[in-house]
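I would like the atomic coordinates for the input below:
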Amino acid sequence: MNKEIISTGHAISIAVLFIMGTSIFMGVPGESGNSNWIAVLLAMVLVVPLLLIYARLHVLLPGKDLFDMLITVFGGVLGRIISCLYIWYTFHLGTLILRVFGEFSRSVTLTETPMLAPMLCLGLLCVWIVKAGIEVLGRSSNLLLLFGLFVNLVIVTLAFSKMEYHHLLPLLDKGWKPLFNDTLGTFSFPFAEIIVFLGAFANLSNKSSVRKVLFGSVAIAGTIIIMATLRNLLMLGPEVLSSLYFPAYVSAGRINVGDFLTRIEASSAVAFVITTFIKGSLCLYVSCIGVAKVFKLKSYRSVVLQMGLLMIYFADFVYKNIMEMYYFSYHIYKIYAFPFQVIIPLILWICAEIVVSRGKNKQIAPQSQQ
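Numbering: from 1, shown residues only. Reported below is the predicted structural model:
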């Protein structure tokens with residue numbers, strides 16, 4: 001497979017948009033009521049040890065992606081079996097992203113259009129950019145991130161006059177348990193999903209910048225998600241917020257500057273399409289890389305169209321309705337994703353430390369005998 005190189009800046013742009021993904025539009029789990037923004041902060045702290053493990057894996061096994069690491073550390077058979085599990089995880093995550101976009105289109109904008117139509121459009125767009133390569137995805141993300149940040153900054157600025165700060169009190173009114181549940185949910189979706197980058201960032205131009213990419217992207221995306229969460233909370237209140245599927249769209253729709261500047265929710269929807277597009281593209285890219293590594297294909301591009309069409313097809317029927325999709329996202333996903341995000345990477349890191357140290361000892365032993 002041809003080696004593709006992306007710069008640190010482009011990698012951070014992809015990572016930020018990936019983490020923002022659907023979370024900035026769907027919002028974070030709302031069991032903790034007016035304290036859900038605290039859950040985002042705690043989730044950012046909770047993900048730090050995980051980022052250190054991911055960064056350490058790149059140091060131990062430089063130039064290798066997630067699938068190379070698994071095969072190198074666990075061997076050809078077991079490594080490929082675990083790789084197949086990660087192919088499923090990234091593939092399923094991509095279907096979830098497409099389904100969220102489809103449900104948004106059917107519920108809010110294209111109410112008379114079959115849900116498959118917008119998912120097909122976005123899915124084929126993901127296929128196109130993944131075929132173009134990770135370098136093109138990086139350059140596109142760099143430009144799209146600037147637009148997304150500008151839109152979010154403008155919306156937050158215009159929303160100040162509509163914010164009601166009494167919604168912040170009383171703090172922790174529902175207790176610690178809902179806050180803990182929301183923290184775990186926000187940890188797994190979206191922050192710990194950065195495990196996907198182990199399959200995408202083996203070809204960073206500067207290997208020492210992996211830690212910068214991981215921590216920088218979490219810090220930037222986390223700050224934006226906190227701003228969006230506080231904006232939604234202060235404009236809508238915890239009761240209304242918990243009853244909405246797309247609170248960011250509703251809160252942006254309430255902005256009205258002198259009866260002149262209205263319908264801001266349209267720009268919010270465009271920002272949502274951007275983050276969804278990048279996240280779906282990265283999931284498709286990594287799943288195709290995995291298939292190419294497991295089955296020893298010359299290029300991942302030979303399976304991009306097939307995987308993309310399968311992703312669209314699965315997204316159309318994997319959930320019965322929007323309620324089932326949201327229940328999975330906020331209640332089941334954190335349990336389902338835990339092995340992929342925490343357990344397997346932890347075992348991989350421990351085993352990689354052992355394998356690398358043994359390799360160094362074997363190199364030192366012959367030298368000492370000379």
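
what's in contact with stretch 330-345?
Stretch 330-345 has contacts (Cβ atoms under 8 Å, 6 or more residues apart in numbering) with 29, 50, 53-54, 57, 82, 85-86, 89, 184-185, 187-189, 192-193, 195, 198, 328. No exception for glycine: its C-beta is placed from N, CA and C like everyone else's.

give me the distance between residue 182 and residue 171.
Separation of residue 182 from residue 171 (Cβ to Cβ, to the nearest Å): 14 Å.

okay, and the common contacts of the two?
With Cβ under 8 Å, 6+ apart as the test, residue 182 and residue 171 both reach residue 35.

the two: who's more crowded?
Neighbour tally, residue 182 and residue 171, criterion other Cβ atoms under 10 Å: the higher count belongs to residue 182, 26 against 9.

just confirm that one contacts residue 29, I think it does.
Yes. The pair residue 182 / residue 29 is scored as a contact, 4.4 Å apart, by Cβ atoms under 8 Å.

which neighbours do the two have in common?
36, 39.

that older thread, from the contacts of stretch 330-345, list just the buried residues.
29, 50, 53-54, 57, 82, 86, 89, 184-185, 187-189, 192-193, 195, 198 (16 or more other Cβ atoms under 10 Å).

what segments of the stretch 151-300 of the chain are helices?
For the stretch 151-300 of the chain, applying DSSP state H, counting those that start in this stretch gives helices covering 176-188, 210-236, 238-242, 247-253, 265-294.

residue 94: which of those helices is closest?
Nearest to residue 94 among those is helix 265-294 (3.4 Å), distances taken as Cβ to Cβ.

off-centre distance for that closest one?
Centroid displacement of helix 265-294 relative to its chain, using Cα atoms, centre = their mean, to the nearest Å, is 9 Å.

likewise stretch 70-88?
22 Å.

quick one: mean pLDDT for it?
For stretch 70-88, mean pLDDT rounds to 96.

tell me which residues in stretch 317-326 are buried?
Buried residues in stretch 317-326 (16+ other Cβ under 10 Å): 319, 322, 325-326.

between these, which sits nearest residue 109?
Nearest to residue 109 among these is residue 322, at 14.2 Å by Cβ to Cβ.

and stretch 221-235, how far out from the chain middle?
17 Å.

buried set for that stretch?
When burial is assessed from 16+ other Cβ under 10 Å, stretch 221-235 yields the following buried residues: 221-222, 224-235.

same question, stretch 256-268
Of the residues in stretch 256-268, those buried (16+ other Cβ under 10 Å) are 264-265, 267-268.

what about the buried residues of stretch 317-326, which are in helices?
Under the assignment DSSP state H, these contribute 322, 325-326 to helices.

from residue 211, how far out is residue 350?
19 Å.

between these two, point out the one with more neighbours.
Set residue 350 next to residue 211 and count neighbours by other Cβ under 10 Å: residue 211 wins out with 15 against 12.

if we can go back for a sec, the helices of the stretch 151-300 of the chain into CSV, with extra columns for mean pLDDT and distance to residue 95?
What follows is those, written out as CSV (pLDDT from 0 to 100; distance: least, Cβ to Cβ, whole Å):
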stretch, mean pLDDT, distance to residue 95
helix 176-188, 92, 17
helix 210-236, 93, 22
helix 238-242, 87, 26
helix 247-253, 89, 22
helix 265-294, 94, 9
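
and the ones you listed: which comes nearest residue 120?
Distance to residue 120, taken as Cβ to Cβ, is lowest for helix 265-294 among the helices of the stretch 151-300 of the chain, at 12.3 Å.

about what we covered before: would you turn the helices of the stretch 151-300 of the chain into CSV with distance to residue 131?
Shown next, in CSV, are the helices of the stretch 151-300 of the chain (distance: least, Cβ to Cβ, whole Å):
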stretch, distance to residue 131
helix 176-188, 30
helix 210-236, 24
helix 238-242, 39
helix 247-253, 31
helix 265-294, 9
